[in-house]
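*Asks:* The following comprises the amino acid sequence and a computationally predicted model.
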Amino acid sequence: MAPFSLTGYRVALAGSNIGGMKETQEMLDYCADHGIVSDVEVVSVSRIGEAYERVLKSDVKYRFVIDMATLG
């Protein structure tokens, strides 16, 4: 699909260059130094389907994080 074919449908397309490893580490260090944290909801692997359904229903308050220790 050509990018400009989206403009007829009033669709917005955005992107971001978040940086490489160095910039990411600097951001993480800054957050640690200033007590900046994110709220997450940890879900087990067995609840991935439920989490996906909640995303589809817009019933998500925090970012989902999969607990890989529950993988088995």
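*Replies:* That came through fine.
*Asks:* Give me the buried stretch members for stretch 35-53, please.
*Replies:* Neighbour-count burial for stretch 35-53, counted by 16 or more other Cβ atoms under 10 Å, picks out 43, 47, 51. Yep, even glycine has a C-beta here, placed from its N, CA and C like the rest.
*Asks:* So which of those residues belong to helices?
*Replies:* Ala51 (DSSP state H).
*Asks:* List just the nearest of the buried residues of stretch 35-53 to Gln25.
*Replies:* Using Cβ to Cβ, Val43 comes nearest to Gln25 of the buried residues of stretch 35-53, at 27.0 Å.
*Asks:* For Phe64, list the residues it contacts.
*Replies:* Taking Cβ atoms under 8 Å, 6 or more residues apart in numbering, we find Phe64 in contact with 40-43, 51, 55.
*Asks:* Please name the bridge partners of it.
*Replies:* Glu41 (DSSP bridges).
*Asks:* What residues does Gly72 make contact with?
*Replies:* Val45.
*Asks:* Packing partners of the longest helix anywhere in the chain?
*Replies:* Secondary structure of the chain per DSSP H: the longest helix is helix 21-34. The contact analysis (3 or more Cβ pairs under 8 Å, 6 or more residues apart in numbering; DSSP states H and E) places helix 21-34 against no helix or strand.
*Asks:* Name the residues that touch that helix?
*Replies:* With Cβ under 8 Å, 6+ apart, helix 21-34 has contacts from 18-19, 36-37.
*Asks:* Could you dump the buried residues of stretch 35-53 into CSV and include distance to Gly72?
*Replies:* Formatted as CSV, the buried residues of stretch 35-53 follow (distance: Cβ to Cβ, whole Å):
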residue, distance to Gly72
Val43, 15
Arg47, 14
Ala51, 17
